[in-house]
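Peer 1: Fold the following for me, if possible:
(one chain, ligands or ions: 1)
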Amino acid sequence: MVYENLIFKIEGNVATIVFDRPKALNALNSNLLDEFLQTMDEIEANEKIHVLLLTGSGEKSFIAGADITELATFNPLQAKKFSKKGQLIIQRLQELPIPVIAAVNGFALGGGSEMALACDFIYASDSATFGLPEITLGIIPGFGGTQRLSRLIGINKAKELIFTGKMIPASEAEKLGIVNKVFPAAELMGEAEKTARLIASKGRVSLRAAKEAVNNGINTDLATGLNIEVDAFAICVTSGDAKEGMNAFIEKRKAEFAGDLDR
Ligand code: CO8
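Peer 2: Numbers count the residues shown, from 1 in each chain. All right, here's what the predicted structure looks like:
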C-alpha cells in the first residue's frame, strides 16, 4: 500500500517505517496516525516480517511531537479522542508480536519521544534530541509519556523532564537509560539494520515469547512475573524453532529457524 505521510518498506524479514512529513519535522497528525495503524495491520498479517524499525525522514527529526497546528484547533472532546487514539496506537505498537527498534535520527519530542518509548529499545544518532516539552505548550504528555518514561527511568528523573519540558541530547538520554546506544548520524541506520537482521535470524516463536514475558511481567510483582515467564517458556519449548535450535546445537551447525508459529 502507498502512504502519504510515511514510507513503509520490507527488506528480507525486516520492515521499516519512515515517518515522512519533513516540512513539519514529521509531526504526528491524525492522517499519519491512521496510516501508522494501517501499517500495523499489514505487519501483523505478514508472517515474513520478524522485526520492525522506526525512523524519521531527513536528518533533522524522528518525530517533533503531535502536530501543534492540529492540536491548537481541538476542543476538549476532540483532544480526548485524539489522545485516546494516540494511546491506543502506541499501545498497539508496544504489543506488536515482533521486536521493534526505534532509530531516532533527530528530534524525538512529545509524541515522538512517546512513540520511541513504546518500542522495545532505542538507538539514536549523536544529533538526536529527546524531550517531553508539552508543559511549555500548557499541556501534558498525552500519548503515554507520563507512564512509560517514569517506569523506564524512575519517577523523579521523569518528573524533572516532564515538569521542565527540557530537551536533552542523545548522550544524556543514553546516561538516563532512555537510549541503548548512540551512533554517529551516518552510522545509525546501518547499525539499527544490523541489529534488526541479527534479531530476525532468531526463532520467531521464542522472540514473541520473550517479548510477551518481559512486557507482561514488568508491571507485576516478581512471583507473578516468574509465572508469566514459566508459561511463555513452556509454550516455546515445544515449537519447531526450539527443536531446530537445540538440534542445531547438538549437531554442531547453525540453526535455520523456520519461524512457523503453528508448530
Ligand atoms: N507540529 C507542527 N509543526 C511543527 C512541529 C510540531 N510539533 N514541530 C516543528 N514543526 C514545524 C515548524 O512549525 C516549522 O514549520 P514552518 O517551516 O512552516 O514554519 C518546521 O516544522 C520547522 O521547524 P522550526 O523552524 O521550528 O525548526 P527549528 O530547528 O528552529 O526548531 C524544534 C525545531 C525545536 C523541534 C521546534 O520546531 C519545536 O520546538 N517544535 C515543537 C516541539 C514540541 O513542542 N513538541 C511537542 C508537541 S505536543 C505533543 O507531542 C503532545 C503529544 C500528546 C498529544 C495528546 C493530544 C491531546
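Peer 1: Sticking with G86, tell me its helix or strand.
Peer 2: helix 76-94 (DSSP states H and E).
Peer 1: An error on my part: the question was meant for A255.
Peer 2: A255 belongs to no helix or strand when elements are defined using DSSP H and E.
Peer 1: OK, contacts around it?
Peer 2: By C-beta atoms under 8 Å, 6 or more residues apart in numbering, A255 lies in contact with 203, 244-245, 247-249. For glycine as for every other residue, the C-beta is placed from the backbone atoms N, C-alpha and C.
Peer 1: repeat that for 7 Å
Peer 2: Going by C-beta atoms under 7 Å, 6 or more residues apart in numbering, A255 touches 244-245, 248.
Peer 1: Are any of those residues buried, and if so which?
Peer 2: Among the contacts of A255, those classed as buried by 16 or more other C-beta atoms under 10 Å are 244-245.
Peer 1: quick one: which of the contacts of A255 is nearest the ligand?
Peer 2: When the contacts of A255 are compared for distance to the ligand (C-beta to the nearest ligand atom), G245 wins out at 41.4 Å.
Peer 1: K9: neighbour count?
Peer 2: As a burial measure, K9 scores 10 neighbours (other C-beta atoms under 10 Å).
Peer 1: All further residue positions should be reported with the first residue as 31.
Peer 2: Yes, from this point I'll number from 31; that puts the last item at K39.
Peer 1: picking up where we left off before, just list what the helix holding G116 packs against, helices and strands only.
Peer 2: Here helix 106-124 is seen to pack against helix 60-75, helix 141-147 when contacts are counted using 3 or more C-beta pairs under 7 Å, 6 or more residues apart in numbering; DSSP states H and E.
Peer 1: rerun at 8 Å
Peer 2: Counting contacts by 3 or more C-beta pairs under 8 Å, 6 or more residues apart in numbering; DSSP states H and E, helix 106-124 packs against helix 60-75, helix 98-101, helix 141-147.
Peer 1: which residue ranges form the helices in the chain?
Peer 2: With DSSP state H, the ranges of helices along the chain come out as 60-75, 98-101, 106-124, 141-147, 175-183, 185-194, 200-206, 218-230, 234-247, 252-267, 270-280.
Peer 1: and this protein, what are its domains?
Peer 2: Annotated domains of the chain cover 36-230, 234-280 [automatic domain parsing].
Peer 1: out of the ones you listed, deepest packed?
Peer 2: domain 36-230 (a mean of 19; mean count of other C-beta atoms under 10 Å).
Peer 1: Tell me the residue of the stretch 181-293 of the chain that sits nearest the ligand?
Peer 2: Among all residues of the stretch 181-293 of the chain, M197 sits closest to the ligand, at 6.9 Å; criterion: C-beta to the nearest ligand atom.
Peer 1: okay, and for the stretch 131-280 of the chain, where does confidence drop off?
Peer 2: Along the stretch 131-280 of the chain, the model assigns pLDDT under 70 to no residue.
Peer 1: Distance to G289 added to the helices of the chain, as TSV?
Peer 2: TSV is the format used below for these (distance: least, C-beta to C-beta, whole Å):
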stretch	distance to G289
helix 60-75	14
helix 98-101	39
helix 106-124	21
helix 141-147	26
helix 175-183	29
helix 185-194	36
helix 200-206	32
helix 218-230	9
helix 234-247	3
helix 252-267	12
helix 270-280	7
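Peer 1: just so I know, which of the ones you listed lies nearest D156?
Peer 2: D156 lies closest, by C-beta to C-beta, to one member of the helices of the chain: helix 200-206, at 5.8 Å.
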